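Student: Got a sequence here, can you model it:
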Amino acid sequence: MSTTLDHAHGHADHAHDDHHPHGWRRWLYATNHKDIGTLYLWFSFIMLLTGGLLALGIRAELFKPGLQLFQPEFFNQLTTMHGLIMVFGAIMPAFVGFANWMIPLQIGASDMAFARMNNFSFWLLPPAAILLVGSFLVPGGATAAGWTLYAPLSTQMGIGMDMGIFAMHIMGASSIMGSINIVTTILNMRAPGMTLMKMPMFAWTWLITAYLLIAVMPVLAGAITMTLTDRHFGTSFFNAAGGGDPVMYQHIFWFFGHPEVYIMILPAFGIVSQIIPAFARKPLFGYASMVYATSSIAILSFIVWAHHMFATGMPVTSQLFFMYATMLIAVPTGVKVFNWIATMWQGSMTFESPMLWAIGFIFVFTMGGFTGLICAITPVDIQLQDTYYVVAHFHYVLVAGSLFALFAGFYYWAPKWTGFMYNETRGKIHFWASLITFNVTFFPMHFLGLAGMPRRYADYAAQFTDFNMIASIGAFGFGLSQVYFLFFVVLPSIRGGEKAAANPWEGAEGLEWTVPSPAPFHTFETPPTVK
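Tutor: Below is the predicted model of the structure:
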């Protein structure tokens, strides 16, 4: 009898193990949105450090004029791969990780809509990353055509280019699946009573972002597939000698590429829109206008692509259209910045790490927005095109924008994820070190660009030496700040420490509220008053 019982008990154990796999099985077969979110976040952080190493290679080479460390061909491989890895490997998967973790919690869903597709869309990324990084090891090295992969350069490169194209196809498929999952989850799985206009802003920004991804990832796939057939199957899409047009590649690429930069910033807006009300202890100012502004940005992002192409000889009428369309995007963006500042106005603010990152985001992202407005002016852009001014502009948007918001989100939600509080002092050290070194790195690049220093050059004239030295020193400081973040903030807060309260931000700094302060998942009816 006992053997039969043991046998049955063994079966039950086995079934239980299947249901909750342990060890590597838990991660390989993960269908739980939290585990998949964690996988995305770790993957993106590893890619961030990888792309960061390449960036430090670039800055080490540019520390002084002349060729120090690398041949120009390898230098160009570094710039290309740094861009591809950061965009497709670090920023986008990180936001998808946040979406996986937070969206079901925010809308009251049990999980994401398609749990197994969720697993698949993550596990496509590591092989794609191996293909991408492995292209350094093949004859001819990684692609050196710039992250935009412009023809005719991209039709001449070695096998590394093909590896890059396949990697981007796989990452694109992953993005499309993730987006379908997010749209379905948000539209079909909200808790009873949660109308769309009651959703937290993060869920809104991701809904809009997911639509953008579904719309533009196939366009990128088309552009790189045409490049592939030009390379190997004798077509002439982008080869002028065969009746093709290399500028057509730019039109197709940027029709993907411009919405892509909004794909990388809209979820950041969502995170910041969650954090500012929580630490100002006031509801978000102008919630509806935030939703409409986000939607407007998404729609307008489709009609501005050729502002990347002012130097290609397009007709003046086109230049005027794209100039004005680009300036129009400043309006909804300005609405968002105004609303964040109005939310903080007369709030009972405290400045824990998430709030510091969010305020740092507003300050530095706004600077990036202004330089973007300057680049939108056609005659100015023709001078600044392909100089370090453009490098400064998009790093202010993507590092101080996307990355700062990701850090803000980590500090805000990590207590909920891990169950432990991070060390507040270390969080503040990470913030100030990153903010200062970021500006030391990228602010001088505005001056370099205005003085005419071209980007993607391994060498430069002596007059640019001082600003390049400053930028390189800042870059190494910024890199070290992220290593500090890994070893002194992330790992300790996973291992344990002070237990996090159910809402770690309630009554922060010992203040008491008569109405519960905004938890990440709380929708306000009445603003709180201080006792």
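
Student: Who are the contact partners of the residue nearest the centre of the chain?
Tutor: Nearest to the mean C-alpha position of the chain, counting by Cα atoms, centre = their mean, stands Ile91 at 2.8 Å. Taking Cβ atoms under 8 Å, 6 or more residues apart in numbering, we find Ile91 in contact with Ser44, Met264, Leu398, Ser402, Leu403, Leu406. Yep, even glycine has a C-beta here, placed from its N, CA and C like the rest.

Student: out of those, which are buried?
Tutor: If you count burial by 16 or more other Cβ atoms under 10 Å, the buried members of the contacts of Ile91 come out as Ser44, Met264, Leu398, Ser402, Leu403, Leu406.

Student: about what we covered before: ok, now how distant is the residue nearest to the centre of the chain from Ala298?
Tutor: Plainly put, Ile91 is 17 Å away from Ala298 if you go by Cβ to Cβ, to the nearest Å.

Student: hmm, back to that, tell me which two in the contacts of Ile91 are the farthest apart.
Tutor: Using Cβ to Cβ, the pair of those lying farthest apart is Ser44 and Leu398, separated by 13.6 Å.

Student: What number of neighbouring residues does the closest residue to Pro152 other than its chain neighbours come out with?
Tutor: Once flanking residues are discounted, Pro152 sits nearest to Pro246: 5.3 Å by Cβ to Cβ, 6 or more residues apart in numbering. Using other Cβ atoms under 10 Å, Pro246 has 17 other residues around it.

Student: Pro246 and Asp230 touch, don't they?
Tutor: No - Pro246 is beyond contact range of Asp230, at 10.1 Å (criterion: Cβ atoms under 8 Å).

Student: Could you name every residue contacting both of the two?
Tutor: Ala151, Phe238, Asn239.

Student: Let me know the pLDDT of Ala142.
Tutor: In this model, Ala142 is scored at 88, pLDDT.

Student: Assign a three-state SS to it, would you?
Tutor: Put simply, Ala142 is coil when judged by DSSP: H, G, I helix; E, B strand; the rest coil.

Student: OK, contacts around it?
Tutor: Gln77, Thr80, Met81, Ser135, Phe136, Gly160, Met163, Gly164.

Student: Would you map the helices across the stretch 351-500 of the chain?
Tutor: 353-376, 378-384, 388-397, 404-418, 424-450, 465-484, 491-495 (DSSP state H, counting those that start in this stretch).

Student: What residues of the last one count as buried?
Tutor: For helix 491-495, the neighbour count (16+ other Cβ under 10 Å) marks Ser493 as buried.

Student: For that helix, output the C-alpha coordinates as PDB.
Tutor: These are the backbone C-alpha positions of helix 491-495, laid out as PDB (Å, rounded to 0.1, in the frame of the first residue of the first chain):
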ATOM      1  CA  LEU A 491      23.000  42.800  -7.400                       C
ATOM      2  CA  PRO A 492      22.700  43.800  -3.700                       C
ATOM      3  CA  SER A 493      19.000  44.600  -4.100                       C
ATOM      4  CA  ILE A 494      18.300  41.200  -5.700                       C
ATOM      5  CA  ARG A 495      20.300  39.300  -3.000                       C
END
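
Student: What is it packed up against?
Tutor: Applying 3 or more Cβ pairs under 8 Å, 6 or more residues apart in numbering; DSSP states H and E, we find helix 491-495 packed against helix 404-418.

Student: longest helix in the chain, by residue count?
Tutor: Scanning the chain for the helix with the most residues, using DSSP state H, yields helix 201-232.

Student: tell me which residues in that one are buried?
Tutor: Across helix 201-232, burial judged by 16+ other Cβ under 10 Å covers 201-217, 219-221, 223-224, 226-228, 230-231.

Student: Specify the angle between it and helix 404-418 in degrees.
Tutor: Inter-element angle recorded for helix 201-232 and helix 404-418: 120 degrees (by axes from the mean of the first three to the mean of the last three Cα atoms, to 10 degrees).

Student: Going toward the C-terminus from helix 201-232, what's the next helix or strand?
Tutor: Per DSSP states H and E, the first helix or strand lying C-terminal to helix 201-232 is helix 246-263.

Student: mind listing what the closest residue to Val219 other than its chain neighbours touches?
Tutor: Distance criterion Cβ to Cβ, 6+ apart; nearest residue to Val219, sequence neighbours excluded, is Phe256 at 4.2 Å. Phe256 sits next to Val216, Met217, Val219, Leu220, Ala223 when contact means Cβ under 8 Å, 6+ apart.

Student: mind checking pLDDT for the closest residue to the last one other than its chain neighbours?
Tutor: The one in question is Ala223. With sequence-adjacent residues excluded and distances taken as Cβ to Cβ, 6+ apart, Ala223 is closest to Ile252, at 4.3 Å. If you check Ile252, the pLDDT there is 97.

Student: Ile252 contacts Gly222, doesn't it?
Tutor: Yes - with contacts counted by Cβ under 8 Å, Ile252 reaches Gly222, the gap being 6.4 Å.

Student: hang on, the earlier thing: helix, strand or coil for the residue nearest to the centre of the chain?
Tutor: Going by three-state DSSP: Ile91 is helix.

Student: Now tabulate the helices of the stretch 351-500 of the chain in TSV and tack on distance to Ala173.
Tutor: Listed next are these as TSV, based on distance: least, Cβ to Cβ, whole Å:
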stretch	distance to Ala173
helix 353-376	30
helix 378-384	34
helix 388-397	26
helix 404-418	23
helix 424-450	33
helix 465-484	29
helix 491-495	30
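
Student: Show me the one of the ones you listed that comes nearest Met177.
Tutor: Per Cβ to Cβ, nearest to Met177 of the helices of the stretch 351-500 of the chain: helix 404-418, 21.4 Å.

Student: Which other helices and strands does the closest one contact?
Tutor: Contacting helix 404-418 under the criterion 3+ Cβ pairs under 8 Å, 6+ apart are the following elements: helix 92-107, helix 266-280, helix 353-376, helix 424-450, helix 491-495.

Student: hmm, who's touching the shortest one?
Tutor: Contacts to helix 491-495, defined as Cβ under 8 Å, 6+ apart, come from residues Ala414, Pro415, Thr418, Phe420, Met421, Tyr422, Asn423, Arg426.

Student: For Trp24, find the nearest of the helices and strands packed on helix 404-418.
Tutor: For the helices and strands packed on helix 404-418, the distance to Trp24 is smallest for helix 491-495, at 17.7 Å, taking Cβ to Cβ.

Student: okay, Met157: pLDDT?
Tutor: Listed pLDDT for Met157 reads 87.

Student: Please work out how many residues are found near the residue nearest to it when sequence neighbours are not counted.
Tutor: Of all residues not flanking Met157 in the chain, Thr143 sits nearest, at 5.2 Å (Cβ to Cβ, 6+ apart). Neighbour count for Thr143, taken as other Cβ under 10 Å: 26.

Student: Go ahead and confirm Thr143 touches Gly160.
Tutor: Yes - judged on Cβ under 8 Å, Thr143 makes contact with Gly160 at a distance of 5.1 Å.

Student: what residues are shared contacts of these two?
Tutor: Joint contacts of Thr143 and Gly160 (Cβ under 8 Å, 6+ apart) are Gln77, Ser135.

Student: quick one on the thing from earlier: could I get the contacts of Phe256 in TSV, plus columns for distance to Ile436 and pLDDT?
Tutor: Below are the contacts of Phe256 laid out as TSV (distance: Cβ to Cβ, whole Å; pLDDT from 0 to 100):
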residue	distance to Ile436	pLDDT
Val216	35	97
Met217	36	97
Val219	39	97
Leu220	36	97
Ala223	39	96
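
Student: which of those lies closest to Gly497?
Tutor: Among the contacts of Phe256, and counting by Cβ to Cβ, the member closest to Gly497 is Met217, at 39.7 Å.

Student: now the closest one: how far from Ile341?
Tutor: Using Cβ to Cβ, we find Met217 at a distance of 34 Å from Ile341.

Student: Contacts only, for Val258.
Tutor: If you look again at residue 258, you'll see it is His, not Val. His258 makes contact with Ser301, Phe302, Val304, Trp305, His307, His308 under the criterion Cβ under 8 Å, 6+ apart.
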